[in-house]
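Chemist: Give me coordinates for this.
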Amino acid sequence: MTKIAIIGGSGYKIPDDLSRLKSSSLKTPYGVPGSDIYTGKINGRDVIYMSRFGNGNPINITGINFMANLYALKDLGCEVILSTSECASLQEEICPGDFIIPDQFIDLTNNRIKIDHDDDITDKMSSGNMADPFSEELRDHLTEAAIVQGITVHNKGTVITIDGYRHATRAESNLYRKWGGDIIDMTTSQEVIPAKFLEVPLAQVSLCTAYDSWRNIKDEDPVLHYAEMIRSGYEKIARIIDYAVKRIQEEE
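Modeler: Here you go, the predicted model:
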């Protein structure tokens, strides 16, 4: 059966029946992964789980070793990746609490991926096709998983990925809207790029937790608003992932 990797965002709860592998024992050409990796089964299906931000979310966004994380997942035999994340909306119709299955990204990060010592990977970087960075098949599974459970989902969208932790100014946010951006985050492109060049299909479900700074919303507590979105949103994400895992295996 296909071995599925799940990359969890800050609010994704690790399934109780997964066993932990110490990350220090998983050495890669790009260093040690920044999180312990869990293996086991969800609904009887083999999965590998990694938290993007490490154990207990201790890693700063700019300190995530995306290449080591993705390399370790592939080295453990992962054949597809389902990723979860949070984002802010650049469009009125994408509301806080909605989910997005992106199909494109615009990378505005400052060269965080360092892989120039690996000839095989750099050859793929220079000649590989990044036109469609996400797996269409996996995106369909995630979209179906949301729809059949009555969860509001947008089945495509362009992610603007910026460096963290600074958020966009209102002028920047409006510029990204003019570029055709639908959502904005700080991790997507940096995760999808190494997955693409390692030839591991990936799709992502993103939880919209707020409108970005282009939209001036008064009388809201952004901290409380974010906490509420995470609590309610990640329960739905877990349901989406469980259903998608089932569908992937059923299609084999």
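Chemist: burial of residue 204, as a residue count?
Modeler: Residue 204 has 30 neighbours, counted by other CB atoms under 10 Å. The way it works is simple: take the backbone N, C-alpha and C, and place the C-beta from them, glycine included.
Chemist: ok, now which ones touch it?
Modeler: 82-85, 101-102, 134, 142, 188, 191-192 (CB atoms under 8 Å, 6 or more residues apart in numbering).
Chemist: What strand or helix carries it?
Modeler: For residue 204, the host element (DSSP states H and E) is strand 202-211.
Chemist: Residue 237 too?
Modeler: helix 222-250.
Chemist: residue contacts, residue 90?
Modeler: Neighbours of residue 90 in contact, by CB under 8 Å, 6+ apart: 160, 173, 176-177, 181-184, 212, 214.
Chemist: Which pLDDT value does the model give it?
Modeler: Looking at residue 90, its pLDDT reads 98.
Chemist: One more: the one 5 residues further on?
Modeler: Taken from the predicted model, the pLDDT recorded for residue 95 is 93.
Chemist: looking at this, it is in a strand?
Modeler: No. Per DSSP: H, G, I helix; E, B strand; the rest coil, residue 95 lies outside any strand segment and is coil.
Chemist: That one against residue 154, yeah?
Modeler: No. When contacts are counted by CB atoms under 8 Å, residue 95 is not listed as touching residue 154 (9.8 Å).
Chemist: more neighbours, those two?
Modeler: residue 154 (21 against 13).
Chemist: isn't that one right up against residue 206?
Modeler: No. Using CB under 8 Å, residue 154 is not in contact with residue 206; the gap is 9.2 Å.
Chemist: what's the overlap in contacts for these two?
Modeler: 99-101.
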